[in-house]
Every structure is written in C-alpha cells, then in structure tokens.
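Trainee: Dropping the sequence and predicted coords here.
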Amino acid sequence: MNESYMFPTSLKEVQALGWEYIDVIFFSGDAFIDHPSFGAAVISRVLQKEGYRVAVVPQPNWRDDLRDFKKLGIPRLFFAVTAGAMDSMVNHYTANKRIRSDDAYTPDGKAGMRPDYCVTVYSKILKKLFPSSLVVIGGIEASLRRLTHYDYWSDSVMPSILSSSGADYLIYGMGERTIVALAGAIEISSSEFEIQQLPGLAYVKNNTNISDKYHKVHLLHSFEKCCSDKVAFVKNFNKMELEANKMHPDILVEAYANTFVVINPPYNPATTEEMDSFFDLPYTKLPHPRYKNKRIPAFDMIKNSINIHRGCFGGCSFCTIAAHQGRFIQSRSQDSIIKEVQDLVKKPYFKGVISDIGAPTANMYALQGKDLSICAKCLRKSCLYPSLCPNLNHSHAKLLELYKKIDGIKGVKRSFIGSGIRYDLFLNDKGFFDDESRKYFEEVVVNHTSGRFKIAPEHTEDKVLKYMAKPSFSYFIKLRQYFDALMKKKGLKYMIVPYFISSHPACTLEDMKKLRSNPALKGIYLDQVQDFTPTPMTASSAMYYSGLDIKTFKPLFCETNQTRKREQKSLFFRK
C-alpha cells in the first residue's frame, strides 16, 4: 500500500484508491491536518502502518439529514470519534461563557462547525444510524470526561462520557498502542472479556466482577452520590488524580444506577523507540487537499514547530496535561527530531524559522528520576511542588545539545521556544541551581526568544499560588533580577512577559489588587492575564465546584459570579 496518500474523506476519494472496504471511519470535530500535532492524524497513520484502511470525515454536518455520517457506509471494524485537539466547550466558549467568534481548527477560522459536547453528539448519531456497529471514542474531550466530572458550561455534575454518549469503548490518553491493540482484537473476533483487558481502555460493565491479578480494583462513589454530595465528588477526584499520576495505576470502577464504568490502567510510559515510531510516520504535514485555498489558523500556528516530548510532571492544579498525557516524560530521540527538522527545511512554506522546539513544558526533555524504582512507588503529583524532588535529574544538558544540533542544520536560520518553560527547573529564590542551569537560561533568552521571554508565575500572592501548586513569587523576583542583568550584559532590550490567572480558587479581588501593584512588576508591560476556566478533570475545577480545599475539605473561597470574575480580570489592566 502506498503510505504517502492522504486519507480519503469522501466516497469519490475512497473509490479513487480502489478500496472495496474501510476498516476504520474516523469522525473529527477538527479539519483534518496530516501533522503529528493533531491526534486524528497520528492515530490514522498508526493504524495505516499496521495495514488498516482508514477514512476520515472531518467536521460532519449534524444538523441536516446526516448524509455526512452515512456517506462512507459501515466500517469493517469500528467508527472512531474525537472532538479534535480541544474540548468542544473550551473551543466554543470564553471563560465568561460567551460564544467565541472564530475557531482556529476550522477552514478560514469559521465558528460553529462542530456541536457542543461534540463526542456525545457524533456518537449518538452513529449509534442511532448503525446500532450494530462499534463506536470508539477518544481524544482530549473523551479522555478528560472519562469519569464523573464538573461541567462549567452547564454548571452541573456530568456522568462519564461513556454513559452519556452510548459509545462502546473509550480510549483515554495518548492512544496509539491501545487503538492498534483494539483493532487487532476486533479483527480476530476476540471475546468481549479479552477486549476488556486492554490497557488504556474504558468501558461499561453490568457488574463489578473484575478479575485482574496485576492490579487492584477501586470502587469509587457512584455518579448519583457525587451529584448529591460534594465531599464524595472530591474524594472521587482525589482518587482519580492519584491513579493518573502513578507509574503503575490500578483499575477504577464507578457506579451508574445499574451499570459500572471501568477504567483500565494505561500502558507503561512510551519508550523512546515507541515515541520515534509515532513521529516517524509518513505525514504530509499539510491540511487535506479538500481545503484548497482555505486557511486553517491552527495549521499556521504549528506548521513550523517541532514536538520533542510528551507528558508533564509540573502538577499545576488547573492543568490537564498529566491526566491526558501522563506525568512521566516520554521523549523522542535526537535522531528522530533532527530528521523531522531536516524534512521541515524542505517544505515550500518553511522560511528558515522554527516557531517552537517544544512540548507541554519545553524544558522537560529527557528528564526523569535518577532512580526509577523510587518513581515507581512515588505518590507525588508534582516533581516540582512544593519543592524540587531530590530524585529528579533536572539536567538541561541533552536539551542544550539538541538546540545546538538543530541550529546547525543547513536551512535553519533561527529556532524559538514558544512552549511554556518551568523556571523552577533551573532556579529558586536563592538563585540558579548550578552553572548548567544558568547556561540554559541564557541560551534560551538570548538565542531562542524573539524579544519576548514568556513565563508563567500565574500570580503574586503565595496563598493563591498554593492552590495552583505553583512556586512562590519570590522565584520570579529572582528570575527577573537575572533577566535584567543579562539584558544589560548583552546590550539587549528584550521584554520579560509574565502570564497570570485571575479568579482562580482562593483568589479574591483584593489579591488581584496586590498583584497589579506588586513592585516586582514595575516596568513590565502587563497584558497577559487569563480568567480561570474550570475544565473537566482538574484539581482547580474540583475546588471551584465544591468550594472546598480538596486536601482538608475545609471551605475555600471561589469566585463563581460572572460579573465579579470579569472584574478580577479587568482590574489587571487598570492604570
């Protein structure tokens, strides 16, 4: 099979390939871009590598006679459904629940091309049209709604998306290995019991008779209990977060009236060889030809970027990365990354500038515990908060080596770091950890910053930072001292750009006033503040919904009034 083809999206394109059947039909809330930054492309290419025929239906019309859902017929194995690169509700609405006027993942940025609760809507349509066909859901919307969760937009507790969508299986996290295993099991007609043993899979079961000699089974409070008891909701979240952050988690089971949602443990963190295999596939790195002469903003943002690893051990309370990608860093080899850069240089749209050598956190490449046997038993959700783990190897040597190799490639004029950087990986309020830490800081600021060094202290007040699981603002004060000294030494006029969050749990209007007047921010142009949005499966959302400190279960101030939330944010910009 010619692996360089673009996946078909219409019956005409299927026929042009001479296919008599399709193994998997993929429905996505995003436009289809064949680039490893987009999950639908990765999963499609991984399945293709295994010999499966995959067709894609991007942004199907769910409001007409449903012809988009019918046009390719029934797949041999299953329908796959994803909302796309974002939760559809985050994609549609601002933090103040106002409808966004554009959509970066749609041709020409047009809004309204996917439904609210996209995965549920697509899945219900498919199950109604093709009740005997399997529907498998995945991607970030499905992954982060896999168990009972608080939904900010409806201001309600929602059940597992498996329950609401009627899907047969849910693949959570980065699902390359699970989707291949599932496809293989279905192809050979494995029993339902055998399929239900697959790592990274969630499913609905009519009883709790789960036999597993390798993992413990934890029965969570029921969905109904969580709806009526906020303490029970928080306890469920705490257990879910604990398991999501373990190297070897156990099985979670949550009751729903007469059924149970079962969450199997995931595969072990991907090895470097496995990571390379996901990224070294024959991506065209282009939007589908169906979008001829149309601009897709998300493609413009990532087309000149390189993703070097996945996962994050930062443990920020408002972040979903660990819940989706895992806490343990899974890095690509330098050879794989260099090959991708060399291929990028040949693209007609590349003009010599790499926009981002990044990842969820740009400076966690190749970092892990010094003794992995300690990591295997560790129950911390963060290797950085409340202090740097003594078992963490925080050396930036491999990253500095990688930057040097990339910048030495013919055709690369500049390479920037557009992803977030954790400065508590190379300094604290006393100073740099070592000379290598200083070298990394200076290399990034001087050679990989386009005049704006972006970092995220998130707040100035330690009582708020505590609930964000972020380091003390004193770290930023030390960072700025070094930044100002470096600018003077190099004769540069770069700016340091701090990002902040307003109305996070524990943050009051008075705290925002203190932030705005903090003397350490004098001389800095403050224009980067984000109003806190409670998204599914984060500690911050659990606090917001419950109004509780989720460790002590004591009452916690949370600004839930939309007018006062806007006031906290607007205060940031007042002179």
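Mentor: The structure has been received and is ready for your questions.

Trainee: who's in contact with residue 100?
Mentor: 91-94, 111 (Cβ atoms under 8 Å, 6 or more residues apart in numbering). In this view, the C-beta of every residue, glycine as well, is placed from N, C-alpha and C.

Trainee: same thing but at 7 Å, please
Mentor: Residue 100 makes contacts with 92-94, 111, as judged by Cβ atoms under 7 Å, 6 or more residues apart in numbering.

Trainee: what's the pLDDT at the residue nearest to residue 364 when sequence neighbours are not counted?
Mentor: Nearest residue to residue 364, sequence neighbours excluded (Cβ to Cβ, 6 or more residues apart in numbering): residue 329, at 5.1 Å. What the model reports for residue 329 is a pLDDT of 97.

Trainee: show me where the stretch 51-200 of the chain has strands.
Mentor: Secondary structure of the stretch 51-200 of the chain (DSSP state E, counting those that start in this stretch): strands located at 54-58, 78-82, 135-137, 149-151, 156-158, 169-171.

Trainee: With the stretch 201-350 of the chain instead?
Mentor: So, for the stretch 201-350 of the chain - with DSSP E, counting those that start in this stretch - the strands run 201-205, 217-219, 251-256, 259-263, 305-307, 309-310, 330-331.

Trainee: Which among those is found nearest to residue 558?
Mentor: Taking Cβ to Cβ, strand 251-256 is the member of these nearest to residue 558, at 24.6 Å.

Trainee: what's residue 525 in contact with, if anything?
Mentor: When contacts are counted by Cβ under 7 Å, 6+ apart, residue 525 touches residue 495.

Trainee: Now stretch 376-383: buried residues?
Mentor: Under the neighbour-count criterion of 16 or more other Cβ atoms under 10 Å, stretch 376-383 has 378, 380-383 buried.

Trainee: Next: stretch 386-398.
Mentor: Neighbour-count burial for stretch 386-398 flags 388-389, 391-392, 394-396 (criterion: 16+ other Cβ under 10 Å).

Trainee: Kindly report the same for stretch 79-96.
Mentor: For stretch 79-96, a neighbour-count test (16+ other Cβ under 10 Å) marks 79-93, 95 as buried.

Trainee: for that stretch, how far is the first residue from the last?
Mentor: For stretch 79-96, the first-to-last residue distance is 34 Å (Cα to Cα, to the nearest Å).

Trainee: go on, stretch 511-530?
Mentor: For stretch 511-530, the first-to-last residue distance is 15 Å (Cα to Cα).

Trainee: Kindly report the same for stretch 498-517.
Mentor: 14 Å.

Trainee: what mean pLDDT would you report for that stretch?
Mentor: pLDDT averaged over stretch 498-517 gives 95.

Trainee: Touching stretch 318-330 from outside, list them.
Mentor: 140, 143-144, 173-174, 244-245, 247, 269-270, 275, 309-313, 315, 360, 364, 367-368, 468, 501, 504, 532, 535, 537-538, 540.

Trainee: Please list all residues in contact with residue 495.
Mentor: 451-452, 525.

Trainee: do residue 361 as well
Mentor: So residue 361 contacts 312, 314, 419-420, 422 (Cβ under 7 Å, 6+ apart).

Trainee: Where does pLDDT dip in the protein?
Mentor: Along the chain, segments meeting pLDDT under 70 span 1-5, 574-575.

Trainee: Just among the contacts of residue 361, which is most surrounded?
Mentor: In terms of neighbours by other Cβ atoms under 10 Å, the contacts of residue 361 top out with residue 312 at 26 neighbours.

Trainee: just to revisit the earlier point, what is the nearest of the buried residues of stretch 79-96 to residue 157?
Mentor: Closest approach to residue 157 among these (Cβ to Cβ): residue 89, at 14.8 Å.

Trainee: isn't the closest one right up against residue 154?
Mentor: No: contact between residue 89 and residue 154 fails when scored by Cβ atoms under 7 Å: they sit 8.8 Å apart.

Trainee: separation between residue 253 and residue 281?
Mentor: Between residue 253 and residue 281 the computed distance is 35 Å (Cβ to Cβ, to the nearest Å).

Trainee: Neighbours of residue 409, how many?
Mentor: As a burial measure, residue 409 scores 14 neighbours (other Cβ under 10 Å).

Trainee: That's all I had, so thanks and see you.
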